[in-house]
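Engineer: model the following, please.
(one chain, ligands or ions: 1)
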Amino acid sequence: MTAVLQSHVQGRWQASTGEGRPMFDAVTGDEVGRLATDGIDMAAVAAYGRRTGGPALRELSFHQRASLLKALAGHLREHREELYAVSARTGATLGDSKFDVDGGIGVLQAYASKGKRELPAGSVLVEGDVEPLGRTGVFLGQHVLTPLHGVAVQVNAYNFPCWGPLEKLAPAFLAGVPTIIKPATPTAFLTAELVRLIVESELLPEGAVQFLAGALQNSGGDLFDHLTEQDLVSFTGSASTAARLRTHPTLTARSVRFTAEADSLNCSILGPDATPGTTEFDLYVQQLATEMTVKAGQKCTAIRRAFVPSAQVDAVVEAVTARLATVTIGNPANPDVRMGALAGTEQREEVRRSLKALTDAGRVVFGDPDHVEVVDADAERGALLSPVLLTGDPDTAAFHEVEAFGPVSTVLPYDSVDQVVGLAARGQGSLVGSVVTADPDVARTVVLGAAPWHGRVLVLDATAAPESTGHGSPMPQLVHGGPGRAGGGEEMGGIRGVAHHMQRTAVQGSPAMLTAITGRWVRGSERTVTDVHPFRKHLEELRIGDTVVGGPRRVTQSDVEQFAEFTGDTFYAHMDAAAAAANTFFGERVAHGYLVVSFAAGLFVDPAPGPVLANFGVDSLRFLTPVKFGDELTITLTAKQITPRDTADYGEVRWDADVTNAAGESVARYDVLTLVAKQAS
Ligand code: NAP
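Structural biologist: Numbers count the residues shown, from 1 in each chain. This is a model prediction of the structure:
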């Protein structure tokens, strides 16, 4: 009997007292290890995450957490060969392993860079604009997000033993919430290897990641029984398991956040315009064959339903079949092998059971569910299976309901774009759909019609193809998840995924209170005008609220005419008195908005070289009141947000700019964005 894998909980590797469930090499069928969590105190695991991991993470700023994710990605990249070696035992080819391992590392990197670029310096996430709630501006509202004080429990599926845990870890970690990883049985030995590398890196704070090498339930209890309203569960797996877990009494009683990424009958639609001989036809065929064979079709995003215009069914079947016939199947360690094994023989039996329902309903046009030619492997001891392509009647329910989680797809004919939109929806909610077309009208009708049933839709044409990431690849910047049968969850999606691990709170109060709470200056709070111009202050010396007031400066007709001539902007509102008078917005000639902004810069800058290194843009520029000839402008510039960069000798400063006229009315408002040097150390 092989050894039982250890869990990494409460800061150390812990052995289980149980005999455990076996895991098998997908190619040889040999036992590779066992899984058990008996003897692990589930209540203590959850408490450790909350008491040790949570506070340690919340001590760090978003940027510090982002730096750690980046460092972790680097560490895993250095050791990825070790992961590939173990991954081969899950049946994965090198290409499959890269999809899983490098894909997961890529998610860490994407979140690290988003964290640095899009999140503020501290650890409070301010969402949206300040909302005025009263007449005079002394009572305001602002949404803020703070990290939950619980643990993020991951329940993973077997098909992505590295990518799955990492795509869930990245947003939780960035939010400041510790993670408990529960792998799926068949491939848990690879997740254990990943966790070993994470632990050995010693990069993450104590308690930030725990790993259960086995079930959430043992003789001592069920982890879910110990969850609270501050905890979250992110489930990936089958729709039936999701349905069972989401109704766990503790989860419902305590409103524990539960998201599910479940199975999905994803479709890909060939546009009516994409006839044989077009680039789009070839793209469609290539994509379908690839989605069937990468990871031996064990991708939640793989194409299960291939909708094709009736007239093209034979051509598509012929072209896809020709491609599938060239795929060498067998031991993924053999470099000639293009498709490896399923995760295990149990999973193959499951696929065969589902295939039975599909073959009863349709016709097999490629492959044999019970026989396959393989190289360097024993087709029966290893979980090897031929790709199977079917065709059938699109009205048959089984094609829209039965997911064969392997290299299986069905080509289904359609006769009109409206019909295919309806067929797409019969999947009852999918993670992803694609339409391959060069016709914008087809793209628009399909996407807008099918979007309510999909989490992601790829429109593929000859233009996008060279850079397309493909039908089957969820992207960290974009939502991964889908409605209905696909689980109703939304993972990743950039900073949205981080926000999911935080509580959104509407804070109401005065401007000064909101400034103190958010660390971001709110209009109406105190401004500090000192003898030292704020542009002479280094990042560490600058304070939120530091202000410079410049002006007044009179705007003359000659200024406007000079500006018009110099820039070429002779728009009638500035140059043509009669036309300007006829426009109810102006009533007379007015100054250019860009002239106002330029004058404002002339009034607030401190010109000599100093800590302010560059102005890299403006945000939210609005021209609020026309500036007439003779008006006098005053600029009030106030430091609004200070964001040091950990890895640079400067940071970003956002300034509130308010240009007013002699009557005190705002004529323009905007944020000025600058880079400001830190003090030389
Ligand atoms: P599964 O049987 O539903 O198992 C998923 C996870 O749930 C495993 O970790 C499993 O643990 C655990 N689990 C099962 N029963 C449980 C219980 N009573 N309490 C706690 N945990 C429990 O799915 P799978 O066979 O691993 O994965 C294949 C399925 O996942 C496919 O249908 C596929 O479409 C779907 N999938 C979806 C996505 C997505 O992002 N939407 C991604 C990948 C896969 P054990 O292994 O220990 O039983």
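Engineer: SS state for Glu200?
Structural biologist: For Glu200, the assignment made with DSSP: H, G, I helix; E, B strand; the rest coil gives helix.
Engineer: kindly report the same for the one 10 residues further on.
Structural biologist: Remark: Gln210 carries the secondary structure label strand [criterion: three-state DSSP].
Engineer: also Gln641?
Structural biologist: State at Gln641, reduced to three classes by three-state DSSP: strand.
Engineer: what sits closest to the residue of the chain found nearest the ligand if chain neighbours are left out?
Structural biologist: Nearest to the ligand, among the residues of the chain, is Gly237, at 2.4 Å (CB to the nearest ligand atom). From N, CA and C alone the C-beta is placed, and that goes for glycine too. Distance criterion CB to CB, 6 or more residues apart in numbering; nearest residue to Gly237, sequence neighbours excluded, is Ala157 at 4.5 Å.
Engineer: that neighbour - how many residues pack around it?
Structural biologist: Here the number of neighbours of Ala157 (other CB atoms under 10 Å) works out to 23.
Engineer: confirm for me that it is in contact with Thr301.
Structural biologist: No: judged on CB atoms under 8 Å, Ala157 makes no contact with Thr301 at a distance of 12.0 Å.
Engineer: strand partners (parallel or antiparallel) of the worst-scoring helix or strand of the chain on mean pLDDT?
Structural biologist: None of the helices or strands of the chain scores lower by mean pLDDT, DSSP states H and E than strand 491-492, at a mean of 89. Here strand 491-492 has these sheet partners by DSSP bridges: strand 479-480 (antiparallel).
Engineer: can I get the helix or strand harbouring Asp129 in PDB, CA atoms only?
Structural biologist: Using DSSP states H and E, Asp129 sits within strand 125-132. Only the C-alpha atoms of strand 125-132 are listed here, as PDB (Å, rounded to 0.1, in the frame of the first residue of the first chain):
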ATOM      1  CA  LEU A 125     -10.800  49.500  -1.700                       C
ATOM      2  CA  VAL A 126     -13.000  52.500  -2.500                       C
ATOM      3  CA  GLU A 127     -15.600  51.800  -5.100                       C
ATOM      4  CA  GLY A 128     -17.300  54.300  -7.300                       C
ATOM      5  CA  ASP A 129     -17.800  58.000  -6.800                       C
ATOM      6  CA  VAL A 130     -18.700  59.900  -3.700                       C
ATOM      7  CA  GLU A 131     -22.500  60.200  -3.600                       C
ATOM      8  CA  PRO A 132     -23.900  63.600  -2.400                       C
END
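Engineer: which elements pack onto that strand?
Structural biologist: strand 140-147, helix 495-499 (3 or more CB pairs under 8 Å, 6 or more residues apart in numbering; DSSP states H and E).
Engineer: what does the domain assignment say about this protein?
Structural biologist: 7-123+149-262, 267-486, 527-677 (automatic domain parsing).
Engineer: format the ones you listed as TSV; extra columns: distance to Met1 and mean pLDDT.
Structural biologist: Converted to TSV, the domains of the chain look like this (distance: least, CB to CB, whole Å; pLDDT from 0 to 100):
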stretch	distance to Met1	mean pLDDT
domain 7-123+149-262	7	96
domain 267-486	18	97
domain 527-677	49	96
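Engineer: closest one to Leu514 among these?
Structural biologist: domain 527-677 (11.6 Å; CB to CB).
Engineer: let me see the contact set for Ala462.
Structural biologist: 279-280, 283, 438 (CB atoms under 8 Å, 6 or more residues apart in numbering).
Engineer: name the SS class of the residue sitting furthest away from the middle of the chain, please.
Structural biologist: For the chain, the largest distance from the centre (CA atoms, centre = their mean) belongs to Ala578, which lies 53.8 Å off. What three-state DSSP gives for Ala578 is helix.
Engineer: what of Val317?
Structural biologist: What three-state DSSP gives for Val317 is helix.
Engineer: just give me the neighbour total for it.
Structural biologist: 19.
Engineer: pull the number of nearby residues for the residue nearest to it when sequence neighbours are not counted.
Structural biologist: Spatial nearest neighbour of Val317, chain neighbours left out: Val365 (5.1 Å); criterion: CB to CB, 6+ apart. Here the count is done by other CB under 10 Å, and Val365 has 19 residues near it.
Engineer: ok, now Arg523?
Structural biologist: Arg523, neighbours per other CB under 10 Å, totals 17.
Engineer: for it, phi and psi?
Structural biologist: The phi and psi values for Arg523, taken as degrees, to the nearest 10, are phi -60, psi 130.
Engineer: need the residues of the stretch 201-350 of the chain near the ligand, please.
Structural biologist: Neighbours of the ligand within the stretch 201-350 of the chain, by CB under 6 Å from any ligand atom: 215-216, 236-238, 241, 244-245, 261-263, 300.
Engineer: let's see it at 5 Å
Structural biologist: 216, 236-238, 241, 261, 263, 300 (CB under 5 Å from any ligand atom).
Engineer: what helices and strands are in contact with the strand or helix carrying Phe173?
Structural biologist: Assigned by DSSP H and E, Phe173 belongs to helix 163-175. Applying 3+ CB pairs under 8 Å, 6+ apart, we find helix 163-175 packed against helix 62-78, helix 94-118, strand 152-155, strand 179-182, helix 188-201, strand 232-236, strand 491-492, helix 495-499.
Engineer: so which of the contacts of Ala462 are in helices?
Structural biologist: 279-280, 283 (DSSP state H).
Engineer: could I get the full set of strands for the stretch 451-600 of the chain?
Structural biologist: Using DSSP state E, counting those that start in this stretch, the strands of the stretch 451-600 of the chain run over 454-460, 479-480, 491-492, 502-509, 528-529, 546-554.
Engineer: these into a markdown table, with extra columns for distance to the ligand?
Structural biologist: Output for the strands of the stretch 451-600 of the chain, formatted as a markdown table (distance: least, CB to the nearest ligand atom, whole Å):
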| stretch | distance to the ligand |
| --- | --- |
| strand 454-460 | 9 |
| strand 479-480 | 6 |
| strand 491-492 | 7 |
| strand 502-509 | 22 |
| strand 528-529 | 51 |
| strand 546-554 | 48 |
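Engineer: whichever strand or helix holds the residue nearest to Val317: which residues count as buried?
Structural biologist: Assigned by DSSP H and E, Val365 belongs to strand 363-366. Judged by neighbour count using 16 or more other CB atoms under 10 Å, the buried positions of strand 363-366 are 364-366.
Engineer: and the helix or strand where Leu673 lies, what does it pack onto?
Structural biologist: Secondary structure assignment for Leu673, by DSSP H and E: strand 666-677. Packed against strand 666-677, as judged by 3+ CB pairs under 8 Å, 6+ apart, are the following elements: helix 593-604, strand 612-623, strand 632-644, strand 650-660.
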